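Just a sequence and a predicted model for now, questions to come.
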Amino acid sequence: MSVLKKFLGQTAVYGISTVLSRLFNFILTPIFTKAYSKMVYGIFTKMYAYASLVNAVLAFGMESTYFRYLNKHEDKKQEVYNNSFLCIAFISLLFLISGLVFSDSIVYYLSASPKQFADYKHYVQYFIWILVVDAICVIPFAKLRSEDKAFKYSTIKFLNIGCFVGFNLLFIYVVPAMITRDWPLGDWMATWYREKWIGYVFISNLIASLATLLMLVPEFLKLQLKFDKPLFVKMFSYSWPILVANLSFIVNENLDKIVLSELLPKEIADGQVGIYGAVCKIAIFMSIFITAFRLGAEPFFFSHAKNANAKKTYAVILHYFVIALALLFVALIANIEILKYFISRDNEHIAEYWVGLPAVPYLLFGYVCLGIYMNLSIWYRLSDQTRFGLYISVAGALITIVLNFILIPKYSYMGSAWVSMLAYFVMMVISYILGQKYYPIPYDLKRIIGYLIVSVIMVVLSFWVFDRNIFIGNALLLIFAAGVFYFEKDQLKLILGKK
């Protein structure tokens, strides 16, 4: 069990830094919703939804490919690093040129009216550079993870978020104060500063991305501009299905926000997207945990694959990962009456955002299914059958696309939340069935399903039956946690106590 202890320690480093970084980012939600109207916040949500789609294309599935081929070709680590980076760099260069050349066409598509054209032109240009800079940092970051440099990786990510938060606070609070109080440079700032302009959020992001690029310079200096064509052919055949799978995942994650703005009446579309985007922030806590797990698990799974007891280890990891997800699911719903204050603007505008809270349980359970699916997906990555990841993700994307177009016109963002949950649930189930056929892992399915069912019952009781009563919700959480400890105490002692 020492292997599991090492895995837990590594994941804990990623977890602590990810939690701290995301919490810094999370405090921006009430600041943004106070500084910008829900219509403007809808623009923020929409722009980042589109950006996530492009981000997946630029990364080209090379992060997972990098880890896999480090494990397969331990004698060619430098070549794997070179190939992975050069592939993304080439795609990013093509995107940069195309984006700048066709920026006006992109702006016409995104802007709702000619009055918004000038602003959207700035937004598009900022995002083009943000996406390119972020893309070429993907493989250097993966290199840090593969070398077990979790602390360095986490420090750079933390500083990135700190820079983003800091510049947002500067533009929202400091600059206006310097202008109104006639501080030094206040007159100069008044010549260019625009109050309540969402573009400053994107400028802050670009500055943070550039700062990250500078911090990764030592990793860039380790690159060699040598291209191993035979190796790349193999890497390409592995990565392109992951690219399509990642795109399908991004569709599942963000299409609802895009479709909301297109299918709803123009006069309410941005407002509904703003409400949905704001309440989605509560689900960020689940996303944080899943991200922290993935950062530690992905390189571990690949490096551990050759061990004789690898499958048993993977089964144990999923078992306790599901327990953690289930407990977090219940905990977030039990305390939603506290968490909701992080998405409100002020007493005058509370109802604008809190009206979307009923979508949160569905979003959270969707993330539970997503987290399990990401854990299960190791079977097709380790068996070099990434095409199955493509098939599963496309199935999820089709569910998302078809049902969003059916449900959004009638149920608005609630339809989006239902569809998101269903898509991830179906992907999870399909992945388990196929995985047990092609790369069987001895999961304790009965106990895993039992914990998931109990967590759903607790959430239904807490949110709907007892009307989000915080005391009853946390009492249910304690009962659930006590039950988990009772059934798992012997195994936990074995894992944590054995040297």
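The structure has been received and is ready for your questions.

Could you report the separation of Lys226 from Met235?
Using CB to CB, to the nearest Å, we find Lys226 at a distance of 14 Å from Met235. C-beta here means a position set from N, CA and C on the backbone, and glycine is covered the same way.

Could you pull up the residues touching Met427?
Taking CB atoms under 8 Å, 6 or more residues apart in numbering as the criterion, Met427 is in contact with 252, 369-370, 373, 392-393, 395-396.

rewinding a little: which one's more surrounded, Lys226 and Met235?
Between Lys226 and Met235, counted using other CB atoms under 10 Å, Met235 has the larger neighbour count: 24 against 10.

Counting neighbours, what do you get for Ser52?
For Ser52, the tally of surrounding residues (other CB under 10 Å) stands at 18.

so it sits right up against Leu255, yeah?
No - counting by CB atoms under 8 Å, Ser52 stays clear of Leu255, with 10.2 Å between them.

Could you report the neighbour count for Arg468?
Under the criterion other CB under 10 Å, the count of neighbours that Arg468 has is 16.

Name the SS class of it, please.
Under the three-state scheme (DSSP: H, G, I helix; E, B strand; the rest coil), Arg468 adopts coil.

Roughly how far does it sit from Val244?
Taking CB to CB as the measure, Arg468 and Val244 are separated by 40 Å.

Just checking, which helix or strand of the chain averages the lowest pLDDT?
Each helix and strand of the chain was given a mean pLDDT (mean pLDDT, DSSP states H and E); the minimum falls on helix 2-26 at a mean of 68.

For the nearest residue to Ser462 once chain neighbours are set aside, pull up the helix or strand it's in.
Using CB to CB, 6 or more residues apart in numbering and skipping residues adjacent in sequence, the residue nearest Ser462 is Gly473, 3.9 Å away. For Gly473, the element it lies in under DSSP states H and E is helix 470-497.

and that helix, average pLDDT?
Confidence for helix 470-497, expressed as mean pLDDT, is 89.

Considering the contacts of Met427, which member attains the minimum pLDDT?
pLDDT across the contacts of Met427 is at its lowest for Asn252, which sits at 77.

correct me, but that one touches Tyr424?
Yes - with contact taken as CB under 8 Å, Asn252 and Tyr424 are classed as touching, separated by 6.9 Å.

where do the contact lists of the two overlap?
Each of Gly396 lies in contact with both Asn252 and Tyr424 under the rule CB under 8 Å, 6+ apart.

okay, the two: which has more neighbours?
Comparing Asn252 with Tyr424 by other CB under 10 Å, the one with more neighbours is Tyr424, at 27 against 23.

could you pull out the helices for the stretch 1-150 of the chain?
In chain order, the stretch 1-150 of the chain shows helices spanning 2-26, 28-35, 38-59, 62-72, 77-101, 103-110, 117-136, 138-146, 150-169, with DSSP state H, counting those that start in this stretch as the criterion.

Trp354 is nearest to which of the ones you listed?
For Trp354, the closest of the helices of the stretch 1-150 of the chain is helix 28-35, at 11.1 Å, according to CB to CB.

in the closest one, what's buried?
Of all the residues in helix 28-35, those buried under the rule 16 or more other CB atoms under 10 Å are 28-33, 35.
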